[in-house]
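Undergrad: sequence-free structure coming up:
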């Protein structure tokens with residue numbers, strides 16, 4: 001602590017001495033001039049450097065502040081422009097949405113009106129239905145033959161199914177006769193028009209030729225299943241008795257020349273054989289071609305079955321003819337199965353498919369009236 005005080009006192013003394021000595025020295029000597037310049041220059045430059053740095057710093061701060069103010073003003077102007085543009089777009093959008101909103105409102109109003117009209121129509125239909133059910137129940141209670149009429153209607157409907165869907169006119173005729181028996185058992189003279197319509201329908205259905213489609217289809221199925229078992233044609237070489245006698249070698253030694261000639265001829269015949277045939281040669285097929293032949297024949301028979309169900313007489317006969325032609329050309333005609341198959345196809349080819357021209361039974365409307373109202377409606381009431 002004492003050393004620090006002494007140093008401080010010494011520095012104060014030196015400063016006072018220098019400050020007191022400067023006004024006294026007017027013209028220093030040449031020897032002391034360099035020493036005084038070296039001591040005076042640092043003291044003169046130190047106070048002059050500090051104000052310029054502050055000025056430059058303040059100037060830079062002013063520039064930064066001005067730039068930030070200018071940038072903020074520019075951003076403010078851009079924000080104001082964007083807000084103005086957004087306001088214009090919002091106004092345009094609101095103007096554009098006015099017409100769709102009006103249209104939606106009108107559609108909602110129309111939908112409400114339509115729903116109200118539908119509800120009213122449904123209510124009216126339900127009311128009419130309930131009234132009709134009540135009337136039918138009253139009529140059914142009054143008429144004890146109601147269930148017989150229902151049964152006759154069901155039999156006529158079943159006859160139509162047998163005739164148009166199953167192509168069975170004989171069963172349809174039986175069902176129509178059963179329906180006529182139900183109407184007859186009611187013993188009501190007012191139902192004579194209905195019985196006349198039923199008799200007309202029975203005569204029309206009975207005139208339809210009964211084509212046994214199901215039996216024909218089963219016969220074609222049997223032929224298709226047996227096609228793989230039918231033998232195909234094979235080329236056979238038949239030699240006449242004269243050719244065999246000419247080629248035989250005799251056992252006599254005297255015929256050695258002829259035997260030699262026959263042996264030489266047989267040797268030559270092993271290389272080249274030329275024979276004349278007076279009949280058509282049976283075609284030969286490779287194994288893969290045999291498979292295609294059988295499959296194509298099956299396909300034609302399946303097409304014939306489809307034509308039966310569609311009542312297509314032309315395609316049915318063409319398919320049967322083509323299948324029979326292939327069997328006749330490529331299968332063994334000496335085999336009994338092949339012969340039976342060809343005979344069956346010949347019989348099936350003569351089958352006539354008769355289409356049903358009846359579109360609707362004449363008694364259907366009358367039966368509906370009888371079931372619904374309990375009696376036949378006249379033209380005036382209809």
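TA: It's in. Every value quoted in this text rests on a predicted model; they were computed, and no experiment measured them.

Undergrad: thought residue 173 was touching residue 205?
TA: Yes - here residue 173 lies in contact with residue 205, judged by C-beta atoms under 8 Å, at a distance of 4.9 Å. Bear in mind the C-beta positions are built from the backbone N, C-alpha and C, glycine included.

Undergrad: what is in contact with the two at once?
TA: With C-beta atoms under 8 Å, 6 or more residues apart in numbering applied, the overlap between the contact sets of residue 173 and residue 205 consists of residue 159.

Undergrad: poorly predicted segments of the protein, please.
TA: 1-50, 136-144, 234-257, 259, 263-288, 378-382 (pLDDT under 70).

Undergrad: quick check: what element follows the helix or strand hosting residue 98 along the chain?
TA: Using DSSP states H and E, residue 98 falls within helix 33-142. If you walk from helix 33-142 toward the C-terminus, the next helix or strand you reach (DSSP H and E) is helix 146-160.

Undergrad: contacts for the helix or strand just after that next one next, please.
TA: Proceeding N to C from helix 146-160, the next assigned helix or strand is helix 169-185, under DSSP H and E. With C-beta under 8 Å, 6+ apart as the test, helix 169-185 has contacts from 148-149, 151-153, 155-156, 158-160, 162-163, 191, 194-195, 198-199, 201-202, 205-206, 208-210, 356, 361, 363, 367.

Undergrad: name only those of those that count as buried.
TA: Burial by neighbour count, 16 or more other C-beta atoms under 10 Å: within those this picks out 148-149, 151-153, 155-156, 158-160, 162-163, 191, 194-195, 198, 201-202, 205, 208, 361, 363, 367.

Undergrad: could you report the separation of residue 324 from residue 330?
TA: When C-beta to C-beta, to the nearest Å is the yardstick, residue 324 and residue 330 sit 12 Å from each other.

Undergrad: repeat that for residue 338.
TA: Looking at residue 338 against residue 330, where the rule is C-beta to C-beta, the gap reads 10 Å.

Undergrad: ditto for residue 294
TA: For residue 294, the distance to residue 330 - C-beta to C-beta - is 9 Å.

Undergrad: just residue 300 next, same as before
TA: Residue 300 sits 13 Å away from residue 330 when distances are taken as C-beta to C-beta.

Undergrad: one more: residue 67?
TA: 105 Å.

Undergrad: quick one, which of these two is more surrounded?
TA: The neighbour comparison of residue 67 against residue 330 (other C-beta atoms under 10 Å) goes to residue 330, with 19 against 10.

Undergrad: grab the nearest non-local neighbour of the more buried one.
TA: residue 293 (5.7 Å; C-beta to C-beta, 6 or more residues apart in numbering).

Undergrad: so the one you found sits against residue 327, correct?
TA: No - in this structure, residue 293 sits apart from residue 327 without contact. The criterion is C-beta under 8 Å, and the distance is 9.4 Å.

Undergrad: buried residues in the helix or strand containing residue 303?
TA: Under the criterion of DSSP H and E, residue 303 resides in helix 287-310. Within helix 287-310, the residues that qualify as buried by neighbour count (16+ other C-beta under 10 Å) are 293, 294, 297, 298, 300, 301, 303, 304, 305, 307, 308.

Undergrad: any residues touching that helix, and which ones?
TA: With C-beta under 8 Å, 6+ apart as the contact definition, helix 287-310 has outside contacts at 213, 216-217, 220-221, 223-224, 227-228, 232, 285, 313-316, 319-320, 322-323, 326-327, 330, 348, 353.

Undergrad: filter these to the buried ones?
TA: Buried residues within those, counting neighbours by 16+ other C-beta under 10 Å: 213, 216, 220, 223-224, 227, 232, 316, 319-320, 322-323, 326-327, 330, 348, 353.

Undergrad: got the domain ranges for this structure?
TA: Domain assignment for the chain, taken from automatic domain parsing, gives 59-130, 146-210, 212-234+280-353.

Undergrad: make CSV out of those and add distance to residue 51.
TA: Written out in CSV, the entries for the domains of the chain read as follows (distance: least, C-beta to C-beta, whole Å):
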stretch, distance to residue 51
domain 59-130, 12
domain 146-210, 120
domain 212-234+280-353, 115
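
Undergrad: between those, which gets nearest to residue 258?
TA: Between residue 258 and the domains of the chain, the shortest gap by C-beta to C-beta is with domain 212-234+280-353, which sits at 33.0 Å.

Undergrad: can you get me the start-to-end distance on that closest one?
TA: By C-alpha to C-alpha, to the nearest Å, the extent of domain 212-234+280-353 from end to end equals 9 Å.

Undergrad: cool, stretch 305-317 as well?
TA: Using C-alpha to C-alpha, the distance between the terminal residues of stretch 305-317 is 11 Å.

Undergrad: how near is the nearest residue in space to residue 163 that is not next to it in sequence to residue 191?
TA: If you skip the residues right next to it in sequence, residue 163 has residue 172 as its closest partner in space, 4.0 Å away by C-beta to C-beta, 6+ apart. Plainly put, residue 172 is 21 Å away from residue 191 if you go by C-beta to C-beta.

Undergrad: what about the helices in the stretch 201-350 of the chain?
TA: Secondary structure of the stretch 201-350 of the chain (DSSP state H, counting those that start in this stretch): helices at 213-226, 241-247, 256-271, 287-310, 313-330, 336-349.

Undergrad: was I right about residue 370 contacting residue 377?
TA: No - the pair residue 370 and residue 377 fails to qualify as a contact (C-beta under 8 Å) at a distance of 9.2 Å.

Undergrad: more neighbours, those two?
TA: Between residue 370 and residue 377, counted using other C-beta under 10 Å, residue 370 has the larger neighbour count: 27 against 14.

Undergrad: where does the more buried one land in three-state SS?
TA: Of the three states, residue 370 takes helix under DSSP: H, G, I helix; E, B strand; the rest coil.
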